[in-house]
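K.L.:
below is the structure, and that's it, no one-letter string:
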């Protein structure tokens with residue numbers, strides 16, 4: 001999935017390492033404290049509408065979240081020719097011609113979701129609760145039935161015979177050599193800010209779009225909203241220098257699945273963090289996600305709750321919230337939702353929805369309490385801005401240990417990613433530290449080190465002065 005984006009990211013890390021440390025774009029004030037909640041409208045509620053999702057905003061606010069991210073709301077292309085369907089769309093077996101990431105009209109709201117007035121209502125209600133709203137932009141490709149093609153056939157790339165030049169997912173690629181297209185898309189972004197009050201954007205496979213386009217667009221947008229939030233779906237560190245406030249860390253998700261599923265040693269997570277962070281501009285942020293609309297996309301792909309158990313996902317959430325970066329919740333993660341999911345489902349096709357009844361289960365209640373505690377932790381400068389340092393332990397194949405430090409305060413986080421109980425010695429004296437969050441863990445300090453006895457998927461978050 002998105003292999004090309006991954007390799008672009010690796011190449012960009014390499015370039016950053018050659019260039020040396022780069023300056024990071026200054027993010028909006030308070031961005032480091034953010035927690036993002038993603039909504040895929042057709043599966044979020046059985047109605048799949050903006051108005052029903054708006055009714056859920058007080059619930060989202062109650063978690064402590066401060067940013068809501070909506071998957072694309074622009075009109076989806078319903079072209080029925082299978083040669084313009086992605087492999088995942090065909091494999092979903094929903095027989096749904098619509099794909100949220102194959103756009104027909106960038107300026108029109110998908111009718112299944114509602115109207116422009118419904119978008120305004122959603123954003124106004126979110127703002128009234130103190131929530132920011134970011135919208136998903138899909139500018140790498142469009143649908144074969146895109147409305148602008150009649151009058152502007154050169155808005156897309158063409159083969160020598162005049163047919164569509166298609167990209168990674170079988171959709172026509174947009175032609176960024178066309179200045180008129182570029183201005184059209186910038187006006188679309190301005191439309192979201194002016195008409196709907198957008199607080200920012202997540203740009204789908206942003207590294208596949210020329211960087212100078214994003215720089216030009218951002219220069220126009222900040223005149224409308226100087227506090228605009230920009231997130232690029234890429235592993236391109238250079239994106240953080242001029243336009244973006246955060247990028248993705250796709251391989252972090254993949255490596256986490258491998259580790260907590262018992263397929264790889266825990267040490268590969270430390271290795272991945274150290275290698276990727278080395279290429280980031282100083283202060284650069286990455287999203288710490290476990291699932292999203294891609295990773296939870298099935299319905300034949302197991303949810304993480306089922307891959308390594310509810311306790312395993314608890315431990316993963318602790319890790320992603322206590323490391324540096326911006327925590328990310330895919331709707332349902334906060335109550336251990338394990339229902340099958342696909343982006344090609346809606347109330348007429350497939351009918352895969354968030355299973356809200358999971359909130360009433362033992363694991364759902366426990367996860368909800370845990371997530372609320374983790375979001376509270378994010379308000380502490382130690383966890384949202386503190387320096388991250390990996391700490392050695394004598395069970396590196398199964399145990400993760402690292403610290404966060406800010407001023408005179410520090411936190412130690414120890415997580416058993418394995419399926420067996422572990423007793424491990426960590427090279428950190430936590431004798432005077434207080435336990436603020438834990439499961440299945442006992443510890444004591446001895447000889448300048450700390451010894452942890454941990455149940456499978458056990459974790460401990462300790463805090464003190466050091």
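P.N.:
Structure received. All values reported here derive from a predicted model rather than from experimental measurement.
K.L.:
C-alpha from now on. contacts and neighbour counts both.
P.N.:
Noted.
K.L.:
domains of this structure?
P.N.:
As assigned by automatic domain parsing, the chain contains the domains 20-379, 387-465.
K.L.:
turn those into TSV, including mean neighbour count.
P.N.:
What follows is those, written out as TSV (neighbours: other C-alpha atoms under 10 Å):
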stretch	mean neighbour count
domain 20-379	19
domain 387-465	19
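K.L.:
need these in CSV (columns: mean pLDDT).
P.N.:
Shown next, in CSV, are the domains of the chain (pLDDT from 0 to 100):
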stretch, mean pLDDT
domain 20-379, 96
domain 387-465, 97
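K.L.:
excluding covalently adjacent residues, which one is nearest to residue 411?
P.N.:
residue 463 (4.2 Å; C-alpha to C-alpha, 6 or more residues apart in numbering).
K.L.:
now do the contacts for the one you found.
P.N.:
Neighbour list for residue 463: 409, 410, 411, 412, 433, 434, 435, 436 [criterion: C-alpha atoms under 8 Å, 6 or more residues apart in numbering].
K.L.:
surely residue 272 forms part of a helix?
P.N.:
Yes: counting by DSSP: H, G, I helix; E, B strand; the rest coil, residue 272 falls inside a helix.
K.L.:
residues contacting it?
P.N.:
residue 252.
K.L.:
one more time with 10 Å
P.N.:
249, 251, 252, 255, 278 (C-alpha atoms under 10 Å, 6 or more residues apart in numbering).
K.L.:
just the closest of those to residue 452, please.
P.N.:
When the contacts of residue 272 are compared for distance to residue 452 (C-alpha to C-alpha), residue 255 wins out at 24.1 Å.
K.L.:
how about that closest one, secondary structure?
P.N.:
helix.
K.L.:
circling back: got phi/psi on the residue nearest to residue 411?
P.N.:
phi -140, psi 140 (degrees, to the nearest 10).
K.L.:
quickly list what it is bridged to.
P.N.:
For residue 463, the beta-bridge partners are residue 411, residue 434 (DSSP bridges).
K.L.:
do you know how far it is from residue 430?
P.N.:
8 Å (C-alpha to C-alpha, to the nearest Å).
K.L.:
who touches both of these two?
P.N.:
410, 411, 412.
K.L.:
got the contact list for the last one?
P.N.:
For residue 412, the set of contacting residues under the criterion of C-alpha under 10 Å, 6+ apart consists of 322, 388-391, 401-405, 426, 428-430, 433-435, 460-464.
K.L.:
among those, name the ones in helices.
P.N.:
In helices, defined here by DSSP state H, the members of these are residue 322.
K.L.:
wasn't residue 275 part of a helix?
P.N.:
Yes: the assignment for residue 275 by three-state DSSP puts it in a helix.
K.L.:
can you tell me how far it sits from residue 306?
P.N.:
29 Å.
K.L.:
next: residue 331.
P.N.:
Noted for residue 331: a distance of 16 Å to residue 306, by C-alpha to C-alpha.
K.L.:
repeat that for residue 457.
P.N.:
14 Å.
K.L.:
and residue 41, by the same measure?
P.N.:
Distance from residue 41 to residue 306, by C-alpha to C-alpha: 23 Å.
K.L.:
just to check, residue 141 is in contact with residue 173?
P.N.:
Yes: with contacts counted by C-alpha atoms under 10 Å, residue 141 reaches residue 173, the gap being 4.2 Å.
K.L.:
which neighbours do these two share?
P.N.:
Joint contacts of residue 141 and residue 173 (C-alpha under 10 Å, 6+ apart) are 156, 157, 166, 167, 209.
K.L.:
which residue is the nearest non-sequential neighbour of the last one?
P.N.:
The shortest distance from residue 209 to any residue other than its chain neighbours is 5.8 Å, reached at residue 140 (C-alpha to C-alpha, 6+ apart).
K.L.:
which residues touch the one you found?
P.N.:
101-102, 156, 167-168, 171-176, 203-210.
K.L.:
which residue packs closest to residue 268, ignoring adjacent ones?
P.N.:
residue 255 (7.2 Å).
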